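S.K.: Any chance you can model this:
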Amino acid sequence: MISVKDAFKKFRSRLELHEGEQQDASRRQKEIRSHMDSKFHIEHDFLTGSYKRWTKTKPLKDVDIFCVLGEKDRHYRDKPPSVLLKDVEDALSEKYGKANVGGQRRSVTVRFGVTPDEDEQTGDKVMSFDVVPAFAKDDYYEIPDTATSKGWTETDPRVHADKAIEAQSKFSGEWKGLVRMAKKWNSHQGKPIKPSFLIEVMALEILTPPFGGDYRYEMKAFFASLADRINETWNDPAGLGPPVSDSMDSAKQQAARTALGKASDAAARAIQLETQGKNGEALKVWRNEVFGPLFPLS
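M.R.: The predicted structure is shown next:
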């Protein structure tokens, strides 16, 4: 039977993106860019979000692609953001079918019909992309945002990426791994924290170096700290857009706090079971009550 310590190492590895997934993401990026180019004036595009920051969890879905529009499409800035998002949705529906395309607050999701198996494996295939139309503004970007009164949100994914790199360096190369674990918990529990980027933003403050060297205790403390601070306002790390926590009202905050408290309690119970020599039971708690099927039992 695998030890809990080794199970966490294996779990950490399982959450990392492998070459096959990166190749499929690159193929899909080129495919989407080619089709978008036939419908809009695309100056350039790039993959961003948690995929680019290496904080994406498996199964791989909702990969963010920024499609930066040129001057010929600047007229969209004089219209409600819903107009641009609807035109992007219609354009992508032509290629992928209406049933596989859906509008979001700031993007349009394209699903590729990939379904994970019971072990959350997809054969290295990407499940979906989030296509974000954007306009360059000074040295950052503007994107449509149907949930704000302004209708457009300023953002700079490069700042988000730089902060993640800095945190990773200060935390002995383990910051991104712990963030991925917390995101996997969030996904397994039905996403009580939305957006998942909020976990990452909170982790910039909560995960203070140095790394303690033990995933079990780090995750127990991480869950507890997230629960204690989930009701705070968490601003955009780039200092441009609205608070990242703006979709978490008081009811959602309370639900998230409860779920995080249960996760911290389950972690404490798993640690206790391990100290009692009940390794198998400890592994099952981490898997069944916290992280889900990607956490190994053997």
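S.K.: Share the number of residues neighbouring S13, please.
M.R.: 11 (other C-beta atoms under 10 Å). Placement of C-beta: from N, CA and C, glycine included.
S.K.: Mind listing what's buried along stretch 238-246?
M.R.: By neighbour count on 16 or more other C-beta atoms under 10 Å, the buried set for stretch 238-246 is 238, 240-242, 244-246.
S.K.: Tell me the one among the residues you listed nearest to S50.
M.R.: V244 (12.5 Å; C-beta to C-beta).
S.K.: Model confidence score at that closest one, please.
M.R.: pLDDT recorded at V244 is 97.
S.K.: got the contact list for it?
M.R.: Neighbour list for V244: 195, 197-198, 201, 234-237 [criterion: C-beta atoms under 8 Å, 6 or more residues apart in numbering].
S.K.: quick revisit: any chance of the buried residues of stretch 238-246 in JSON lines, plus distance to E120?
M.R.: Output for the buried residues of stretch 238-246, formatted as JSON lines (distance: C-beta to C-beta, whole Å):
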{"residue": "A238", "distance to E120": "31"}
{"residue": "L240", "distance to E120": "34"}
{"residue": "G241", "distance to E120": "31"}
{"residue": "P242", "distance to E120": "32"}
{"residue": "V244", "distance to E120": "26"}
{"residue": "S245", "distance to E120": "27"}
{"residue": "D246", "distance to E120": "30"}
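S.K.: So which of those residues sit within strands?
M.R.: Among the buried residues of stretch 238-246, no member falls in strands (criterion: DSSP state E).
S.K.: ok, so of the contacts of V244, who is nearest A267?
M.R.: L198 (20.2 Å).
S.K.: That closest one reaches S245, doesn't it?
M.R.: Yes: if you go by C-beta atoms under 8 Å, L198 and S245 touch, sitting 5.6 Å apart.
S.K.: Give the residues shared as contacts by these two.
M.R.: Joint contacts of L198 and S245 (C-beta under 8 Å, 6+ apart) are W234.
S.K.: the strands in the stretch 1-150 of the chain, which residues?
M.R.: 42-48, 63-69, 101-103, 108-111, 128-137, 140-144 (DSSP state E, counting those that start in this stretch).
S.K.: Dump the ones you listed to TSV, plus mean pLDDT, distance to K176 and mean neighbour count.
M.R.: Listed next are the strands of the stretch 1-150 of the chain as TSV, based on pLDDT from 0 to 100; distance: least, C-beta to C-beta, whole Å; neighbours: other C-beta atoms under 10 Å:
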stretch	mean pLDDT	distance to K176	mean neighbour count
strand 42-48	94	16	17
strand 63-69	96	16	22
strand 101-103	97	29	18
strand 108-111	98	24	22
strand 128-137	96	20	21
strand 140-144	96	24	21
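S.K.: could those strands go into CSV alongside distance to F222?
M.R.: Below are the strands of the stretch 1-150 of the chain laid out as CSV (distance: least, C-beta to C-beta, whole Å):
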stretch, distance to F222
strand 42-48, 25
strand 63-69, 24
strand 101-103, 32
strand 108-111, 29
strand 128-137, 26
strand 140-144, 30
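S.K.: Nearest to M181, out of those?
M.R.: strand 63-69 (19.6 Å).
S.K.: What is the closest one packed up against?
M.R.: helix 19-39, strand 42-48, helix 49-53, strand 128-137, strand 140-144 (3 or more C-beta pairs under 8 Å, 6 or more residues apart in numbering; DSSP states H and E).
S.K.: 7 Å instead, please
M.R.: helix 19-39, strand 42-48, helix 49-53, strand 128-137 (3 or more C-beta pairs under 7 Å, 6 or more residues apart in numbering; DSSP states H and E).
S.K.: Tell me the neighbouring strands of it, and mark each as parallel or antiparallel.
M.R.: strand 42-48 (antiparallel), strand 128-137 (parallel) (DSSP bridges).
S.K.: quick one: it to chain centroid distance?
M.R.: 15 Å (C-alpha atoms, centre = their mean, to the nearest Å).
S.K.: Now it - C-alpha only, CSV.
M.R.: Taking Å, rounded to 0.1, in the frame of the first residue of the first chain, the C-alpha atoms of strand 63-69 are listed here in CSV:
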residue,chain,number,x,y,z
VAL,A,63,-8.5,26.9,-21.4
ASP,A,64,-8.5,30.6,-21.9
ILE,A,65,-7.5,32.0,-25.3
PHE,A,66,-7.4,35.8,-25.8
CYS,A,67,-8.3,36.9,-29.4
VAL,A,68,-7.1,40.5,-29.7
LEU,A,69,-9.2,42.3,-32.2
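S.K.: same for the worst-scoring helix or strand of the chain on mean pLDDT, what does it pack against?
M.R.: Ranking every helix and strand in the chain by mean pLDDT, DSSP states H and E puts helix 49-53 at the bottom, with a mean of 85. Applying 3+ C-beta pairs under 7 Å, 6+ apart, we find helix 49-53 packed against strand 63-69, helix 157-170.
S.K.: Thank you kindly, that will do.
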